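K.L.:
A structural model of the following input is requested.
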Amino acid sequence: MGTNNAKQFEVHMFKEDIAMMEHLVRLHPAKETGGDLFGLWTENQEPVLHVVLGPAIGCSRTEVSFHQSIPYLQRVGKLLTEQYQLCHIGEWHSHHQLRLSEPSSGDSSTVIRNFPRGTCGFLLIIANILPSGHVTLSPYLYKERESTYETGEIKQLDGCSPFKTLPAIRTSVEIDEDKSTTVHEYRLRARAKSAPSRPVVENKGETKEENACYMFKEDMEMIQRRMPLGVHAENRIDGDLLGLWTNDNAPVLHVVLGPNNKKEPQPVSSNRQPMVTMQRRGCLVEGYPLENIGKYILCPKEQLKPTDEESSYMRREYLDGGVLVLAYRVHGDSVSVNPYLYNKGSVFYQHGHLK
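P.N.:
As a prediction, this is how the structure comes out:
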């Protein structure tokens with residue numbers, strides 16, 4: 001099972017999770033350990049890890065295999081996928097001191113055989129303990145109907161994941177975590193020719209509504225509070241929507257920027273990612289890889305669909321797809337907020353459902 005060296009990608013990962021994985025690997029210097037990866041995807045289909053799970057009570061590990069606790073993965077995965085729209089995009093495990101930093105033939109055959117169809121990819125991170133004691137993390141990305149994997153590198157994000165600071169998620173993750181150690185067990189046996197099969201859990205908990213667009217409650221309330229600005233303005237007021245995408249290509253809006261009449265250009269990176277420092281729910285994140293995936297407009301009067309001019313703008317500015325949110329006042333103080341999804345290469349838009 002070869003590597004496609006022609007393609008490289010980055011895994012955006014928080015410093016806290018990297019340190020956690022390194023610590024867990026050192027607890028088992030002669031046995032495999034591991035966990036699961038939940039996150040979203042950039043427009044370039046690069047993974048952004050929001051919640052990294054370690055091993056749970058009930059897992060099994062040997063010198064050549066690791067199997068996660070399925071009840072733990074199902075319980076936490078259900079919370080993350082159904083309530084927070086994070087995708088189960090991969091898993092990680094250690095090869096401890098085996099000097100095998102790439103997926104084994106058994107790893108690759110298991111991923112390819114159980115590949116979750118219709119997804120952006122499946123991420124596998126291999127951890128190794130070097131003779132110096134340093135732990136390395138090597139990411140590999142599998143794509144549907146491809147027999148090779150892409151080799152990537154980890155791009156560290158400072159701080160911790162905004163999702164992992166939420167009490168509901170942190171409590172669920174910490175229940176049944178396996179904090180045991182086999183640090184004194186050095187009975188390393190010869191590695192089998194291929195590792196035993198390892199189950200790949202699909203996103204069975206993801207029940208996404210068709211054409212859904214996901215927005216945090218406080219951002220929805222911010223738009224509703226600012227609606228009077230749109231009503232009294234001579235020109236309609238708009239703002240930018242920053243976010244990422246699910247496996248099903250549904251937009252997840254992380255940051256709704258305040259409306260601004262001035263069309264000042266926002267600094268962007270080489271791949272059109274906004275250079276933002278995000279302070280979100282008590283967590284400061286430097287270089288968080290959010291992308292400008294759409295706009296919202298505060299309309300002075302009722303507007304049931306985008307204008308031809310707005311649609312032309314969306315198709316021109318968001319070549320890989322985007323979302324347009326129209327907000328207008330109805331029935332007194334009530335505000336209607338409606339998303340419209342523009343898919344890549346399509347001349348039509350789809351009326352979405354705000355979740």
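
K.L.:
Please count neighbours and contacts with C-alpha atoms only from this point.
P.N.:
Fine.

K.L.:
nearest spatial neighbour of Asn211, skipping sequence neighbours?
P.N.:
Of all residues beyond its chain neighbours, the one nearest Asn211 is Gly352 (4.8 Å), with distances taken as Cα to Cα, 6 or more residues apart in numbering.

K.L.:
okay but that neighbour is in contact with Asn343, surely?
P.N.:
No - with contact defined as Cα atoms under 8 Å, Gly352 does not reach Asn343; the gap is 11.7 Å.

K.L.:
ok, these two, which is more surrounded?
P.N.:
Set Gly352 next to Asn343 and count neighbours by other Cα atoms under 10 Å: Gly352 wins out with 21 against 18.

K.L.:
Which residues are in contact with Gly118?
P.N.:
144, 247-248 (Cα atoms under 8 Å, 6 or more residues apart in numbering).

K.L.:
Quick check: pLDDT value at it.
P.N.:
Here, the pLDDT recorded for Gly118 equals 74.

K.L.:
circling back to that earlier point, Throw together a PyMOL command that grabs the buried residues out of the contacts of Gly118.
P.N.:
Command for PyMOL, covering only those of the contacts of Gly118 found buried under the criterion 16 or more other Cα atoms under 10 Å:
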select buried, resi 247+248
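
K.L.:
Name the SS class of Pro339, please.
P.N.:
At Pro339 the chain is in strand, as set by DSSP: H, G, I helix; E, B strand; the rest coil.

K.L.:
okay but it is in contact with Leu326, surely?
P.N.:
Yes - using Cα under 8 Å, Pro339 is in contact with Leu326, at 6.4 Å.

K.L.:
circling back: for Thr171, see how far away the residue nearest to Asn211 is.
P.N.:
Note on Gly352: its distance to Thr171, by Cα to Cα, to the nearest Å, is 32 Å.

K.L.:
quick one: the strands in the stretch 101-250 of the chain?
P.N.:
Per DSSP state E, counting those that start in this stretch, the stretch 101-250 of the chain carries strands over the ranges 122-129, 135-142, 149-157, 212-215, 237-245.

K.L.:
Can you tell me which of those is most buried?
P.N.:
strand 122-129 (a mean of 24; mean count of other Cα atoms under 10 Å).

K.L.:
How about Asp219, nearest residue that isn't a chain neighbour?
P.N.:
In space, and not counting its chain neighbours, Asp219 is closest to Val256: 6.2 Å by Cα to Cα, 6+ apart.

K.L.:
Surely that neighbour is in contact with Gly239?
P.N.:
Yes - the pair Val256 / Gly239 is scored as a contact, 7.3 Å apart, by Cα under 8 Å.

K.L.:
pLDDT value on Asn235, please?
P.N.:
Per-residue pLDDT puts Asn235 at 62.

K.L.:
Helices along the stretch 201-350 of the chain, start to end?
P.N.:
Secondary structure of the stretch 201-350 of the chain, counting by DSSP state H, counting those that start in this stretch: helices at 217-232, 308-317.

K.L.:
Which positions within stretch 8-28 qualify as buried?
P.N.:
9-14, 17-18, 21-22, 24-28.

K.L.:
which residues touch Trp245?
P.N.:
By Cα under 8 Å, 6+ apart, the residues touching Trp245 are 40-43, 251-252.

K.L.:
if we go to 7 Å?
P.N.:
Trp245 sits next to 40-42, 251-252 when contact means Cα atoms under 7 Å, 6 or more residues apart in numbering.

K.L.:
so can I have a markdown table of these showing distance to Tyr84, neighbour count and pLDDT?
P.N.:
What follows is the contacts of Trp245, written out as a markdown table (distance: Cα to Cα, whole Å; neighbours: other Cα atoms under 10 Å; pLDDT from 0 to 100):
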| residue | distance to Tyr84 | neighbour count | pLDDT |
| --- | --- | --- | --- |
| Leu40 | 11 | 25 | 95 |
| Trp41 | 14 | 27 | 93 |
| Thr42 | 17 | 18 | 92 |
| Pro251 | 12 | 27 | 90 |
| Val252 | 9 | 24 | 91 |
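
K.L.:
Closest one of these to Gly77?
P.N.:
Leu40 (13.8 Å; Cα to Cα).

K.L.:
quick one: the closest one is in a strand?
P.N.:
Yes - per three-state DSSP, Leu40 lies within a strand segment.

K.L.:
any idea how far it lies from His67?
P.N.:
Counting by Cα to Cα, the separation of Leu40 from His67 is 24 Å.

K.L.:
swap in Leu27?
P.N.:
Remark: distance between Leu27 and His67 (Cα to Cα) = 16 Å.
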